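Peer 1: Fold the following.
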Amino acid sequence: MASPAPDSRARAEYDHPVATDSQLRDLESVMLIIGRIGRELTEAIGSVGGVDLTGNAPIITLFALDLDGPKRPTDLQHVTGLTSGGVSKLLDRLEAAGLVTREWGAIAEDRRAAVVRLTSQGRRTAREIAGAIDERRESVRTLVAELSRLVDHNRV
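Peer 2: Predicted coordinates:
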């Protein structure tokens, strides 16, 4: 009995060109540069005192609220990529730090819904973070230019 023919996904896998050693090395370089950019930003954010802002989600939340104003937790799920439970835990942490408030019943058509707002401390913290990142602009710009060169030269 003959073995069944591979499905179209399996065939596509075989048809995909294999990356050369040079391309793999370039991809590794891209990842290292992205890591260095992340490290620059993490060090900048770490310089903002007094609040644990570990990970991207707290920063994204503060920036989204600062730029766009109050949001529902569901909106913050979309912005951060967290689950509803993850957003709830994040907001608990930010609220305990005095950076955000949740207002229940603030939406006339849904009295059960909460709206999340920055406090004045949250706004100051968001601006401090932005300022700390801005101080590393040249380092980040150099790394982004290096990344661009790899991509522009079709090496990746």
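Peer 1: Now the residue nearest in space to the middle of the chain. Nearest residue, chain neighbours left out?
Peer 2: In the chain, the centroid-proximal residue (C-alpha atoms, centre = their mean) is N56; its distance is 4.7 Å. Setting aside the residues directly before and after it, N56 is nearest to T80 in space (C-beta to C-beta, 6 or more residues apart in numbering), at 7.5 Å. Any C-beta I mention is one placed from the backbone N, CA and C, and that applies to glycine too.
Peer 1: what's the burial count for the one you found?
Peer 2: For T80, the count of nearby residues is 19 (other C-beta atoms under 10 Å).
Peer 1: quick one: contacts for it?
Peer 2: N56, A57, I60, T61, G86, V87, L90 (C-beta atoms under 8 Å, 6 or more residues apart in numbering).
Peer 1: do the same with G86
Peer 2: With contact taken as C-beta under 8 Å, 6+ apart, G86 is in contact with A57, Q77, T80.
Peer 1: Please name the bridge partners of V115.
Peer 2: Listed beta-bridge partners, V115: E103 (assigned using DSSP bridges).
Peer 1: what's the burial count for it?
Peer 2: Counted with other C-beta under 10 Å, residues neighbouring V115 total 17.
Peer 1: in this protein, what spans have low per-residue confidence?
Peer 2: 1-19, 47, 49, 105-112, 153-156 (pLDDT under 70).
Peer 1: gap between the two ends of stretch 89-102?
Peer 2: Length of stretch 89-102, first residue to last, C-alpha to C-alpha, to the nearest Å: 13 Å.
Peer 1: what does it rub up against?
Peer 2: Contact partners of stretch 89-102, identified using C-beta under 8 Å, 6+ apart, comprise 51-52, 57-58, 61-62, 65, 73, 76, 80, 82, 114-119, 121-122, 125.
Peer 1: For stretch 122-133, buried residues please.
Peer 2: Of the residues in stretch 122-133, those buried by neighbour count under the rule 16 or more other C-beta atoms under 10 Å are G122, T125, A126, E128, I129, A132, I133.
Peer 1: Restricting to C-alpha, output that stretch in CSV.
Peer 2: Extracted in CSV, the C-alpha atoms of stretch 122-133 (Å, rounded to 0.1, in the frame of the first residue of the first chain):
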residue,chain,number,x,y,z
GLY,A,122,1.1,58.4,36.0
ARG,A,123,1.4,61.3,33.5
ARG,A,124,4.6,62.5,35.1
THR,A,125,6.0,58.9,35.0
ALA,A,126,5.1,58.5,31.3
ARG,A,127,6.8,61.8,30.5
GLU,A,128,9.9,60.8,32.6
ILE,A,129,10.1,57.5,30.7
ALA,A,130,9.8,59.3,27.3
GLY,A,131,12.5,61.8,28.4
ALA,A,132,14.8,58.9,29.5
ILE,A,133,14.3,57.2,26.2
